[in-house]
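J.: structure for this input, please:
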Amino acid sequence: MSINIKLDNFEGPFDLLLHLIKKNKMDIYDIKIYDITSQYLSYIKEMKEMDLEVTSEFIVIAANLLEIKSKLLLPKNKTEDLEEKEEDPRMELVSKLVEYKKYKLLANFFKEREENTGIIFIKKPEIIEDLRKNDHSTEELLKGVSMLDLFNLYDKLMNVYLSKINTENAISTEIPIDKFRIEDKINELMSIFKTKDSTFFSNIKKRCNSKIEIVVTFLALLELVKLKNVKVLQQCNFKEIYIERVFNSEEV
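T.: Alright, predicted model coming up:
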């Protein structure tokens, strides 16, 4: 089983090569073998404590760099067919470096996720008293009261509530067709403004006998506003609606 040892913050020879490429601002697909090889060999010379297994990995890569460098220094054969292009000796090393860089980035990503795993924020526990244990008021209130007594009390309260409801303004389930028409209410409003120049909508509402009549009257008022026969003012929501007649040039 191999033991992986970090050397000068570099974990393996490919890590050292990536550092040198980044340091020299080189393109990974266009490595300057001359500069990289010399710098790589200088790092090996500076190793003080050398583990045989780790050292062998660095030496193998150094040998590959020297081989690539020597191939690049050899003169090209001019008699070769021009259509056949000689394969770049750096490509095999480049492909390995690109693959190693992918795994390294992925490893760093998972390392960050691992460090953030388990970070949670919880609320401090609270001591909640159970007040029901000492609360006997409900039991004392219902002491000696039967279900029949509760039903009679409920029935009595419902009768009192229903008797207080003003059914006169309630909307009937059956609404006669055209009982209140907007046209009629427009004429009615215009007859009101013939005798007075302004009024409040609450005064007009008192003339209505049901909610549906109030709604139709309000729609008629909106139509008069649209026709610019009247204008309305309201200080704020739910306040009194002030209605004022608009005089045209002929009436003035």
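J.: so Lys104 sits against Asp15, correct?
T.: Yes - counting by Cβ atoms under 8 Å, Asp15 is a contact partner of Lys104 at 7.3 Å. (Glycine included, C-beta is placed from N, CA and C.)
J.: what is the burial count for Ile31?
T.: 21 (other Cβ atoms under 10 Å).
J.: excluding its backbone neighbours, what's nearest it?
T.: Closest residue to Ile31 apart from its sequence neighbours, by Cβ to Cβ, 6 or more residues apart in numbering: Arg90 at 5.8 Å.
J.: tell me how many other residues surround the one you found.
T.: Residues lying near Arg90 (other Cβ under 10 Å) number 20.
J.: now swap in Asp30 and tell me
T.: By other Cβ under 10 Å, 10 other residues sit near Asp30.
J.: next one: Ser42
T.: The local packing of Ser42 (other Cβ under 10 Å) involves 9 other residues.
J.: so where does it fall, helix or strand?
T.: In the assignment (DSSP states H and E), Ser42 maps to helix 33-45.
J.: need the CA coordinates for that helix. CSV is fine.
T.: Output of helix 33-45 as CSV, limited to C-alpha atoms (Å, rounded to 0.1, in the frame of the first residue of the first chain):
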residue,chain,number,x,y,z
ILE,A,33,9.2,22.3,-21.7
TYR,A,34,12.6,24.0,-21.5
ASP,A,35,11.6,26.3,-18.6
ILE,A,36,9.4,23.7,-16.8
THR,A,37,12.1,21.0,-16.9
SER,A,38,14.8,23.1,-15.4
GLN,A,39,12.5,24.4,-12.7
TYR,A,40,11.2,20.9,-12.0
LEU,A,41,14.7,19.5,-11.6
SER,A,42,15.7,22.4,-9.2
TYR,A,43,12.8,21.4,-7.0
ILE,A,44,14.0,17.8,-6.9
LYS,A,45,17.5,18.9,-5.9
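J.: give the buried residues for the helix or strand just after it.
T.: Following helix 33-45 in sequence order, the next helix or strand is helix 52-73 (DSSP H and E). With burial defined by 16 or more other Cβ atoms under 10 Å, the residues of helix 52-73 counted as buried are 54, 58, 61-62, 64-65, 68-69.
J.: average pLDDT across helix 52-73?
T.: Helix 52-73 carries an average pLDDT of 72.
J.: and the helix or strand that that helix is followed by, what does it pack onto?
T.: Under the assignment DSSP H and E, the closest C-terminal helix or strand after helix 52-73 is helix 91-116. Secondary structure elements in contact with helix 91-116, counted by 3 or more Cβ pairs under 8 Å, 6 or more residues apart in numbering; DSSP states H and E, are helix 13-23, helix 52-73.
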